[in-house]
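In: can you look at this prediction? I've put the sequence above it.
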Amino acid sequence: MNAFGQALSELGAVLDNIQTSEIESAVEMIAGSGVVVGYGCGREGLQVQGLVMRLYHLGIRASMQGAMNTPPLGPGDLFLCSAGPGELATVSALMRVAREAGARILFLTAEPDCEAAGMADHVLTVPAQTMARDIGGSSVLPMGSVYEGALFVLFEIMVLELKERLGETSESMRGRHTNME
C-alpha cells in the first residue's frame, strides 16, 4: 500500500472508532450554546479554528480564544478545546477560567483518562496517535498528524449535523462567508 493509502486507512480506522453518541452530545452542546469559544495548541488549534469559522457560517456566535474580538464566556456558553495528548498546561488553565465563568466545556482528546478530562462537561474521544504516544508508533504519519487529520474530518461531519439541526442551507452559510478574499 502506498503512503496515501496507508494514511487514509489510518484516518478511517480512527474515525470508525469515535463513538457516535459522543459526537451527538458534542453537536447538541454546540447547538445549544450562546457563545462558542474554541482553543487548541499548534496544529490542533488550526483544526479548531476551521471549525469555529464554519460555526460562524452556520450563524453561531463563535470565536477563537486569543482573537481580539473574542467575547467573554459565561453561563449558557461553551468552551470547545482540544488537547490530543491529554494534558497541555494552556488548555487546562483555560478550562479552569471557563469553568469559573460558568461556561460548559467540550474537551476533545485521544487520552480520555487524563486529569483535564475531569474538568469537562463532555469528552469527545478521538482515538488516534498523538505526540503523547508517537515514539515507536505504527503510523505512517508523524507525531500527532493522525489526530489532527481526524479532527478535520470529524469537524466537517459535525458541521453537517449542525447544518441540518439548525435548518441552515449551503446558501445561508455562503451568505455569512467573507467577501474580502
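Out: Ah, there it is. Numbers count the residues shown, from 1 in each chain.
In: ok, the most centrally placed residue in the chain - contacts?
Out: Against the mean C-alpha coordinate of the chain, by Cα atoms, centre = their mean, the closest residue is residue 48 at 5.0 Å. Contacts for residue 48 (Cβ atoms under 8 Å, 6 or more residues apart in numbering) come out as 38, 39, 40, 64, 80, 81, 82, 151, 155. In short, each C-beta sits where N, CA and C put it, glycine included.
In: doesn't the second one fall inside a strand?
Out: Just to be clear, that refers to residue 39. Yes: using DSSP: H, G, I helix; E, B strand; the rest coil, the assignment for residue 39 is a strand.
In: excluding sequence neighbours, find me the nearest residue to it.
Out: residue 65 (4.1 Å; Cβ to Cβ, 6 or more residues apart in numbering).
In: next, work out how far apart that neighbour and residue 179 are.
Out: 26 Å (Cβ to Cβ, to the nearest Å).
In: do the same with residue 89
Out: 39 Å.
In: try residue 111
Out: Applying Cβ to Cβ to residue 111 and residue 179 gives a distance of 41 Å.
In: next one: residue 97
Out: Residue 97 is 34 Å from residue 179, by Cβ to Cβ.
In: which of the two has more neighbours?
Out: residue 97 (12 against 5; other Cβ atoms under 10 Å).
In: please, which helix or strand holds that one?
Out: Assigned by DSSP states H and E, residue 97 belongs to helix 89-101.
In: show me the shaky parts of the chain.
Out: Applying pLDDT under 70 to the chain flags residues 1, 131-137.
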